[in-house]
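**Student:** Here's a sequence, model it:
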Amino acid sequence: MRERDEMNRRSFLKIGALAATAGTAAACGAVAQKVIPALIPADDGANPVEGRWFATSCMECGAGCGVVVRTVNGRAKKIEGNPSHPINRGKVCAIGQAAVRKVYHEERLDTPLYRKGGKGGQLAPVSWDEAVAILSEKLAAGGGKMFYLNGGQTDAMAGIARHIFGGMQGAVIATNHPPGREAHFAVKPIYTDFPAMPYPDIANSNFTLLFGADLFESDPSPVYFARVFGESRRGRPSSRGRFVYLGSRLSLTAASCDRWIPVPPGRLGLVALSIAQVMIDEVIDRNLAPTIPRNTLSHWADALADYTPERVENRVEVTAEVIRRLARPFVEEAPAVAVAGDGMAGYTNAAGSLSAVSFINMVSYEIGREKLRVKPRRDPAPDSFLKSRMEESFGLPQNKQNFTKLTGLVEGMSSGGFNVGIISHTNPVFDTPQSLKFKEAMGKVGFTAVFASFMDDTAERADLVLPDLHWLEQWSAAMPEFAPGVPLLNTIQPVIVPFTGARNGADVLISAAKKAKLNAPAGSGEEYVKMVVGKFRPEMLEIPPNMTEAQSWNWLLQRGGWWPADEEAGAKPAPSTERLWELKDTLSLENPMFVETPNSPYHLHLYSTVSKGRGQGANVDWLQEMPDPITTLMWQQWVEINPVTAKSMGIKEGDMVTVTSSAGDITAPAFLYQGVRPDVIAIPIGFGHAGYGKIASGRGGNPMKLLAAEVDEKSGALAWRSQKVSVKKAGGAAAMLRNANPKGELHGDAFGV
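**Tutor:** Presented below is the predicted three-dimensional model:
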C-alpha cells in the first residue's frame, strides 16, 4: 500500500466522545465578546493546543474535497485539506475554510416550521414529532405524484430519496446543478476514450490551452485545478508549463496564465476547429500519428476545409498567425492539453464547440503517443463497472443530471401535476433563471417540504421547513465525479456535537417514509451508509482483508473514505477505424444564438466568484469581507464595463447602472474593468438574495433575473451565456468598497462594530 495511505492515527480520526465548549471572540478597539455555553463538560482529555483531528468530506459544493477538521474540546476550530485525498491532496478553498464559521452561524435553523392555514398562512414553529407526522401524512396521500429535487449532490440523502421515490410511477427525481455540466457529458459518447470533462493531466503538460475554462472559480473542482496548475508551473525541475486563455473576460484563471486572448462570445468553437484544421494539415504533411489511417485524415481534412485560420480570423478576431501559433504545441509538444469551460458550455452551440476541443485532444494524443511513456500519470485506478453500481446508491450520477429535466419538472409543478415536493439543500427560487418561474411553480404544488440549514429564498415559500444538520455534524457519504471511471467514496461523519435542534435530514426522510408505508432502504442515514459500504466492501481491495466489519468501518473514517490505489496510467488504445471515420460529421459548428431585444447590444457574462459560489457563501461575513481577487471589491455587487464602453455612455466608476434583458433587469454600481471586451457586460452571481439572512439579503440584485431559459438543443444544457442586454445610467452613485478600504472592514467583525 502506498506510503501516504498509512495514516497516522494521531493526525486523523480518534474515535471517542465529542464535546462542545465555550468560545470567545475578541475585537480590536471596541471589544465585542460572545460566549457560547458548554453543552458537555469541556474536559474530554484532549490537549487544548493539539486538539483532535477528524477526517471527513466537504459538502459546501459538489467538488468532493477530503478534509480534516481540528477540534478542541469538541468545537471545530480549523479545516484543512486531507493530504491523501486524490482530488485536493491537502488543499481546501475559501468556502470550505469558512464552513467553520457557517456551522456556528447565529441564523441556523433550529426548529421545524409549518405553514398553517394553507398557502396564505405564516410559517410557525412545530415540534419534530409534529413535523415528521405532517410529512408522512403528505407522503402517504401523495399518490405517486411527488418529486425530489437537490443541488446535484450524489450523497446518501439523494440515494435514500432514489430508493423511496425511484420506483413510483409519476414520481420525478431531478437536480438543480451548476449550469452547463451536461453539455460536457453529451460529448462523451462521441469520444469514449477522450471524455470532454475529465480531470486532464495539466500537471504533466508543457502547454495548456484554456477555452473559457475558469478552473479556479467554477465546476468541477477549483481546488484540484489550482493544485495541478501549481505542479505544472513549479513541480517539474526541468520545465515550466505554459498556459494560454481564450475568452471574453480576464478572469482569475486567465490572469494567472501567460497570455489572455479576448475572443467574441460564442466563437471559441471556431477557434478550436481552426486549430484542428492546422493540426490535420501538419499530420498529413509530416506523416505523423501513424495510428490514424491516411484516408481518415483526408476525410477529416475535407470536413475542416472551411475552418482555415485565414477563413475564420475575422469572425473570431484572432489573426491567422496567432491561431497557427496556438496549434503548434499540439503537434510539436504533443500531447498538449486543451480544456473547455463555461466559455464554451454556456452557449447554444456548446456541444459542437466541446466536440472540437475533444477532437484536438484526441489528435494531439495520437501524435504524441510514444512520448506518453516519458511522463506517466498516477491516479486512482479506474473501474467503471464498480463505479456505475456504486452510483446507484447515491442518487443521480452527474452524467444523468440535465437542465431539461428541471424545466420539465417546473412545467409539471406549474400545471398542478404534483401533490408533494421535497427540496433538499438547493435554492432554485434564487439560482435558476427567473424566467423559469420556479417561485410561482412552487405555489402550484399541493405541499412542499424543504430540508435546509438556513432560511433562504426557497425555504421561505415552503409549506414545511425541516432544519438539517451541517455536514460537520452528521453521517453521510458521497460519490463526487473524478477521473473517468474512477470510483471514489467520500465518508462524512459528525466531528462535533450538534448545538441546535436540527436533525439529520436522511433520518427524518426515512422516518416519514416508514410511517407512510413507503420503501425506506434503512433505519437511519448512518445505517444506510454502512449498508452500502458493506455491500461493496469485498471490492474495496485497499481495506485490509483481515479486518472485522467494525475495524474496516473505522479504517474508512480515519482515511476519509475509499478510493482505489494509484496506478501508473498506461497508453489508451487507439480509437477504432470505424469510429474515427464517423467523426467527420462532428467537425462543424453552428453559429451561436442569442436572446436579445432590438436595443440590447451587449453580451451578458455571468460568472462565479471564489468566495460566493452560486450564492451559498453569501451569508458568511468572512466571505463577504474577502476581497475579490480581480476587482478587490467586497461586501457589494458590481457590474463590469469596459472603460471605452463606459466613456461612450458617460458612466464613471461607482455610478449606478441598470442592466436590462428580455427577461428582467437589475441595478448595481459600475466597475470599470479593462479585462472585459467592449461588447461584454460581466456580473458576478451569488448576490441579490431576498431571504438568506441579514448578511446576504438585499445586497445587490439577482443576475438570474436577466436570464431567459435558453438551452443548447444537442445537450439540453442551460445556455447561460447566450443572453444580450442593454445598460443605462440609473442615477446616483455608490462607494466602491475595495481592499484596504476601512468601510469594507467595518462591515464585519474586525473592529467589533
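**Student:** where does the closest residue to Thr458 other than its chain neighbours fall, helix, sheet strand or coil?
**Tutor:** Nearest residue to Thr458 in three dimensions, chain neighbours excluded: Val429, at 4.3 Å (C-beta to C-beta, 6 or more residues apart in numbering). Where C-beta positions appear, they are placed from N, C-alpha and C, glycine not excepted. Per DSSP: H, G, I helix; E, B strand; the rest coil, the local secondary structure of Val429 is helix.
**Student:** part of a strand, is His605?
**Tutor:** Yes. Applying three-state DSSP, one finds His605 inside a strand.
**Student:** Output the below-cut-off pLDDT ranges for the stretch 301-450 of the chain.
**Tutor:** 373-377 (pLDDT under 70).
**Student:** contacting residues for the residue nearest to Thr458?
**Tutor:** Val429 is in contact with Phe438, Lys439, Met442, Asp456, Asp457, Thr458, Glu460, Arg461, counting by C-beta atoms under 8 Å, 6 or more residues apart in numbering.
**Student:** okay, now the closest residue to the first one other than its chain neighbours: neighbour count?
**Tutor:** If I follow you right, that is Phe438. Leaving aside its sequence neighbours, Phe438 sits nearest to Pro428 (C-beta to C-beta, 6+ apart; 4.6 Å). Neighbours of Pro428 under the rule other C-beta atoms under 10 Å: 23.
**Student:** Just give me the neighbour total for the spatially closest residue to Arg70 that is not a sequence neighbour.
**Tutor:** In this structure, Arg70 finds its nearest non-sequential neighbour in Lys78, 4.4 Å apart by C-beta to C-beta, 6+ apart. When neighbours are counted by other C-beta under 10 Å, Lys78 registers 13.
**Student:** Lys78 belongs to a helix?
**Tutor:** No. Under the criterion used here (three-state DSSP), Lys78 is strand, not part of a helix.
**Student:** so it sits right up against Val68, yeah?
**Tutor:** No. Using C-beta atoms under 8 Å, Lys78 is not in contact with Val68, being 9.1 Å away.
**Student:** in the chain, which residue is closest to the centre?
**Tutor:** Nearest to the geometric centre of the chain sits Asp219, at 4.1 Å (C-alpha atoms, centre = their mean).
**Student:** about what we covered before: for the residue nearest to Arg70, list the residues it contacts.
**Tutor:** So Lys78 contacts Val69, Arg70, Val100 (C-beta under 8 Å, 6+ apart).
**Student:** repeat for Asn642
**Tutor:** The contact partners of Asn642, by C-beta under 8 Å, 6+ apart, come to Leu672, Tyr673, Gln674, Val676, Arg677, Pro678, Val680.
**Student:** For Pro669, see how far away it is.
**Tutor:** Going from Asn642 to Pro669 by C-beta to C-beta, to the nearest Å gives 16 Å.
**Student:** Equivalent analysis for Val322, please.
**Tutor:** With the distance defined as C-beta to C-beta, Val322 ends up 35 Å from Pro669.
**Student:** more neighbours, those two?
**Tutor:** Neighbour count, other C-beta under 10 Å: between Val322 and Pro669, Pro669 has more, with 22 against 16.
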